[in-house]
Each structure stands twice: as C-alpha cells, then as structure tokens.
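1. this is the structure alone, sequence omitted:
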C-alpha cells in the first residue's frame, strides 16, 4: 500500500468530556488496476485517529471511491503501516 498524498485535521470535542485528541486523515492510496479495491476515480482511506499520553491508535477507517464507501478491511501489516503513518503526521494538524 502506497500513500501518495494526505490531509489531516484535528477534530474538536464540543463537550470536552472525551480524553485525548482525535484526528481525521484522508489518505490517497495508489492501487493497482488488477486489485479488487481499484477504482477509476481513485481510492482514499478516511482514518479517525486517537492520541492520548502514550496511547495512539486507529479508532475507525473507511475506504472511499468518490462518494462511495467500499467494504474492505486493512490487513494487519497495512493497519500497522497506517498507524505508524498517522503517528508520524498527526502533529501536522492545525491545533485547536
């Protein structure tokens, strides 16, 4: 899995009752034409990422092709790669 570009934004908890910070990533993913995940419109991975103290993890994710949600799951090694990517880049989000 190759991430070709991305954006990240910190999400605000309007209630202030949740611990930690949440970030929304949109990752543009390069997918081979012969892969069942392939879409002519391109594929994005929307990731909701959590961080608090030493606890960093993916809370939720969805593959997107245009405005369509694709029903696919990450393999374990891909999830580790995405988690590391998010850990390396969440600090780039505009702080709220």
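-> Here it is on my side, so go on. Just so it is clear, the structure is predicted and the values come from calculations on it, not from any experiment.
2. assign residue 85 to helix, strand or coil.
-> Three-state assignment for residue 85 (DSSP: H, G, I helix; E, B strand; the rest coil): helix.
3. check the one 5 residues further on too.
-> With three-state DSSP as the basis, the three-state label of residue 90 is helix.
4. is the closest residue to it other than its chain neighbours in a bridge, and if so with what?
-> Spatial nearest neighbour of residue 90, chain neighbours left out: residue 23 (4.8 Å); criterion: Cβ to Cβ, 6 or more residues apart in numbering. To be clear about C-beta, it is placed using only N, CA and C from the backbone, and glycine gets the same treatment. Bridge pairing for residue 23 (DSSP bridges) gives the partners residue 10, residue 49.
5. wait, isn't residue 23 in contact with residue 86?
-> Yes. Contact criterion Cβ atoms under 8 Å: residue 23 and residue 86 qualify, at 7.1 Å.
6. joint contacts of the two?
-> Common neighbours of residue 23 and residue 86 (criterion: Cβ atoms under 8 Å, 6 or more residues apart in numbering): 8, 49.
7. that older thread, just give me the neighbour total for the residue nearest to residue 90.
-> 21 (other Cβ atoms under 10 Å).
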